[in-house]
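**Student:** sequence-free structure coming up:
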Ligand code: AMP
Ligand code: MG
């Protein structure tokens, strides 16, 4: 199979490939993932190789039930189970102590494992068919924008993977929110598809330890993780550089009046942060693929709800 011929909806075929240590891209509501048998070191190794992902960046393990989570963790604290019950299946990843079913390559040697039950129907069907959970990072080359469609995956990793189990576009469009519980305190390691406000509504105040690239708890937080090309992020009308034909604008809800419309992309005409999140990565790709575009000037979105996670991604995109 070649290119887009690798995109399909055959759950049994995807399961067979994974049972044979192959790697398969899977749909989730956050972004498309590149999955391997989480219990198989050689299979997980292929994911790191395909993505050119550094081995110090641990993967998220995708599972279909709390029961299965309990089979590969040594403890599931009640504090975190509360969040699991509130948001699974959904864009929430929990940090739990692993047992020895999970090889060290999955967690980059950490004693904890990141776990999530995703929401896409076909992916859940696949997970239920398999006798093992799936370790899956985003299905993009390391450092590039996360894929929110099956076509994005094929475009960049088509020759390196066996199959894409398609299940529509990612409707959340941002990676999962990562939460742990340590010393009596909830910690958010990455803002994502479930807002901080939604989490605090269930468990009260949380500590946000979002962005340090040197934070060993979240080795994936490299500053350039989402960097497309020359990117500048500004507040609302603040961009005061001289405009020219090579500058394109990614705006939240309104185009700038004095700039030609073809050089501006809007995230949500209705000023809806959920829609903006859904469109963010595809819009960055769209601009990244325009040859004459040398600079992308992006406007921060309102810093509430999903806006916090969006602004976090924008900050990373602009850091080189
Ligand atoms: P990705 O699958 O590309 O969205 O990246 C998964 C991210 O989850 C990693 O880059 C880490 O930041 C985070 N992660 C995975 N495992 C752990 C863990 N045990 N503790 C804290 N963060 C983790
Ligand atoms: Mg990623």
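**Tutor:** On my side now, so go ahead. This is a predicted model, so every value here is computed, not measured. Ligands and ions are numbered 1, 2, ... in the order given.

**Student:** Would you map the strands across the stretch 1-150 of the chain?
**Tutor:** In order along the chain, the stretch 1-150 of the chain carries the following strands (DSSP state E, counting those that start in this stretch): 7-8, 24-26, 33-37, 60-62, 92-97, 112-116, 134-135.

**Student:** could I get the ones you listed as CSV with distance to ligand 1, mean neighbour count and mean pLDDT?
**Tutor:** For every residue, glycine as well, the C-beta is placed using N, CA and C. Putting these into CSV (distance: least, C-beta to the nearest ligand atom, whole Å; neighbours: other C-beta atoms under 10 Å; pLDDT from 0 to 100) gives the following:
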stretch, distance to ligand 1, mean neighbour count, mean pLDDT
strand 7-8, 21, 16, 98
strand 24-26, 12, 27, 98
strand 33-37, 7, 29, 98
strand 60-62, 5, 26, 98
strand 92-97, 5, 24, 98
strand 112-116, 3, 25, 98
strand 134-135, 9, 30, 98
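
**Student:** Looking at those strands, which is nearest to residue 186?
**Tutor:** The closest of these to residue 186 is strand 92-97. By C-beta to C-beta, the value is 10.6 Å.

**Student:** report the angle between the axes of the closest one and strand 112-116?
**Tutor:** Angle, strand 92-97 to strand 112-116, by axes from the mean of the first three to the mean of the last three C-alpha atoms, to 10 degrees: 150 degrees.

**Student:** Please enumerate the helices of the stretch 201-320 of the chain.
**Tutor:** Applying DSSP state H, counting those that start in this stretch to the stretch 201-320 of the chain gives helices spanning 273-288, 306-318.

**Student:** could I get these as JSON lines with mean neighbour count, distance to ligand 1 and mean pLDDT?
**Tutor:** As requested, the helices of the stretch 201-320 of the chain are exported to JSON lines (neighbours: other C-beta atoms under 10 Å; distance: least, C-beta to the nearest ligand atom, whole Å; pLDDT from 0 to 100):
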{"stretch": "helix 273-288", "mean neighbour count": "21", "distance to ligand 1": "12", "mean pLDDT": "94"}
{"stretch": "helix 306-318", "mean neighbour count": "22", "distance to ligand 1": "11", "mean pLDDT": "90"}
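
**Student:** tell me the mean pLDDT over stretch 177-192?
**Tutor:** Stretch 177-192 shows an average pLDDT of 96 in the prediction.

**Student:** does any bit of it sit next to ligand 1?
**Tutor:** Yes: for stretch 177-192, a contact with ligand 1 is found by C-beta under 6 Å from any ligand atom, at 178, 189-190.

**Student:** Now the terminal residues of that stretch, how far apart.
**Tutor:** With C-alpha to C-alpha, to the nearest Å as the measure, stretch 177-192 spans 4 Å from end to end.

**Student:** Buried ones in the helix-or-strand element of the chain with minimal mean pLDDT, by neighbour count?
**Tutor:** Least confident helix or strand of the chain, by mean pLDDT, DSSP states H and E, is strand 230-234 with a mean of 82. By 16 or more other C-beta atoms under 10 Å, the buried positions in strand 230-234 come out as 231, 233-234.

**Student:** Kindly indicate the member of the residues of stretch 177-192 next to ligand 1 with the most neighbours.
**Tutor:** residue 178 (24 neighbours; other C-beta atoms under 10 Å).
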